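Asker: Sequence and predicted structure, then a few things I'm wondering about:
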Amino acid sequence: MNIKQLNIRQKVISILRRNKKEESEEVEEEMLEDNFDLDDLMNYVSNRIVGQDEAIRTLISNILYNQLLLNEISEQETLDLIDLESRKISILLEGPTGTGKSAIINDIASKLAIPVTITNISKFFENDFSTNEILYDLLLKADGQLEFAERGIVVIDEIDKIANNSDYGSIDARKYIQEAIVALMSGEICQFSINQGDNPPVEVPFDTSKLTFVLSGDFSNLKKKGVNDRGLVKTPGFCDSDTSNENITIKECINTNMSPDFFKKIKVIANTKKYDIEDYENILLHSEISPLNNLVRTFKRFDYENVKYDSGLVRKLANDAYDMGVGARGLQILVSEVQNKVLYDIMTQKYNKNEEISLTKDLLETGRQRVRK
């Protein structure tokens, strides 16, 4: 291991020890293995979320950068909020639905022992919703450790729905929500109460200046409107296209459709790509959380050890998922259909355990045999 890798390893251990003291010994023991470096984290996430390496690399480096920055600033005698605000990174994560945006962040946060909370933008439209609920949830994820929670990750999903020309909610509501999110990202001390039954409530002062913010969304509908950075151009016939306008960048969409204060908060943009049929096949065959491999594991839980699936099933699952247009979650839906057709027979052990069981594409076609033996 070279000096650079050693320094990064020591800094990561420092983050973990500072974040969650009761787990530090276990985490440190894991991180002190000779083969640990950032590539281990990259490989862990990319082996689970297949086909999104560029986005994974961007998210890992910037989330880790924020944690290292907090370590650096916390060692100063006084907290320099201006320095922190100017250097800390907020991330816009853009990509089609079902491409693993939330899953990537959850995996990174889990391996770095950073608490994370994910809130859908629809929550902001509820009459009784307060952004303090986000902070409270983060505190719960941190097992009540305030200092740990203040270094956490806040993800706000489907952020594109509050664009100025969105069809979601009223104009006034979208503007108000943008302002609320900007205020949350501005690093203020937020006060909220925690009830303790018969005891007086506890007032919690939550410092939001240390949080990492990830704003996530699928901006394809805005890009389909063909809006450029001046809000003037619509590409002729473009709205009938199934793909986003390559000439309209995500930066231009945000700059045009969100308030200037909102856009100033974004320093890094990460993109997940739309999956094609080959990507779906790779997910099924190679992802460590492949729903098809999970189905095989279900068989094995009931002592069916000789279970395989053929290329025809993989190809049909990939093609059908592509046609569904909902990303990798389409694979989960389709494999669940397969599982529903065989689960009862698995649990009642209707199949011969001494023979090979092959899962075929017939499982996705009604009126055909369930499995080929």
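Answerer: Everything's here; your move. Numbering: from 1, shown residues only.

Asker: Every contact and neighbour count from this point should use C-alpha atoms.
Answerer: Will do.

Asker: Determine the three-state secondary structure at residue 205.
Answerer: strand (DSSP: H, G, I helix; E, B strand; the rest coil).

Asker: Around it, count how many other residues there are.
Answerer: Applying other CA atoms under 10 Å, we find 13 residues neighbouring residue 205.

Asker: On the strand side of things, show who it bridges to.
Answerer: residue 191 (DSSP bridges).

Asker: now it: how far from residue 296?
Answerer: According to CA to CA, to the nearest Å, residue 205 stands 49 Å off from residue 296.

Asker: same thing with residue 312?
Answerer: 16 Å.

Asker: Also residue 180?
Answerer: 46 Å.

Asker: longest helix of this protein?
Answerer: helix 53-74 (DSSP state H).

Asker: Give me the buried stretch members for that one, please.
Answerer: Residues of helix 53-74 classed as buried by neighbour count (16 or more other CA atoms under 10 Å): 53, 55-60, 62-64, 66-70.

Asker: Same question for stretch 200-218.
Answerer: Across stretch 200-218, burial judged by 16+ other CA under 10 Å covers 204, 206-218.

Asker: Cross those against strands and list the overlap.
Answerer: 204, 206-207, 212-217 (DSSP state E).

Asker: quick one: which of these is nearest residue 156?
Answerer: residue 215 (5.0 Å; CA to CA).

Asker: Test my guess that residue 363 contacts residue 338.
Answerer: Yes. Between residue 363 and residue 338 there is a contact at 5.7 Å, judged by CA atoms under 8 Å.

Asker: Pull the contacting residues for residue 310.
Answerer: Going by CA atoms under 8 Å, 6 or more residues apart in numbering, residue 310 touches 358-360.

Asker: who wins for neighbours among those residues?
Answerer: That'd be residue 359 among the contacts of residue 310, by other CA under 10 Å, with 24 neighbours.

Asker: Surely that residue is in contact with residue 308?
Answerer: Yes. In this structure residue 359 lies within contact range of residue 308 using CA under 8 Å: 6.2 Å.

Asker: before we move on, the earlier item: for the buried residues of stretch 200-218, name the two members farthest from one another.
Answerer: Taking CA to CA, the two most distant members of the buried residues of stretch 200-218 are 204 and 218; they sit 34.3 Å apart.

Asker: Which parts of the stretch 1-150 of the chain are strands?
Answerer: Applying DSSP state E, counting those that start in this stretch to the stretch 1-150 of the chain gives strands spanning 91-94, 116-120.

Asker: Which among the ones you listed is found nearest to residue 223?
Answerer: Of the strands of the stretch 1-150 of the chain, the one closest to residue 223 (CA to CA) turns out to be strand 91-94, at 11.7 Å.

Asker: Identify the bridge partners of residue 271.
Answerer: residue 94.

Asker: With residue 154 instead?
Answerer: residue 117, residue 213.

Asker: gap between it and residue 213?
Answerer: 5 Å.

Asker: before we move on, what about residue 64?
Answerer: When residue 64 is compared with residue 213 (using CA to CA), they lie 13 Å apart.

Asker: any idea of the pLDDT on residue 306?
Answerer: pLDDT, residue 306: 90.

Asker: can you pull the contacts of it?
Answerer: For residue 306, the contacting residues are 353-357, by CA under 8 Å, 6+ apart.

Asker: CSV for the residues you listed, including secondary structure, neighbour count and distance to residue 135?
Answerer: Formatted as CSV, the contacts of residue 306 follow (DSSP: H, G, I helix; E, B strand; the rest coil; neighbours: other CA atoms under 10 Å; distance: CA to CA, whole Å):
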residue, secondary structure, neighbour count, distance to residue 135
353, coil, 14, 51
354, coil, 9, 54
355, coil, 12, 54
356, coil, 15, 52
357, strand, 19, 49
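
Asker: How confident was the prediction at the nearest residue to residue 287 once chain neighbours are set aside?
Answerer: What sits nearest to residue 287 in space, not counting adjacent residues and going by CA to CA, 6 or more residues apart in numbering, is residue 48, at 5.0 Å. Note for residue 48: predicted pLDDT of 96.

Asker: Who are the contact partners of residue 48?
Answerer: Residue 48 neighbours (CA under 8 Å, 6+ apart): 287-290.

Asker: Just the buried subset of those, please.
Answerer: 287-288, 290.
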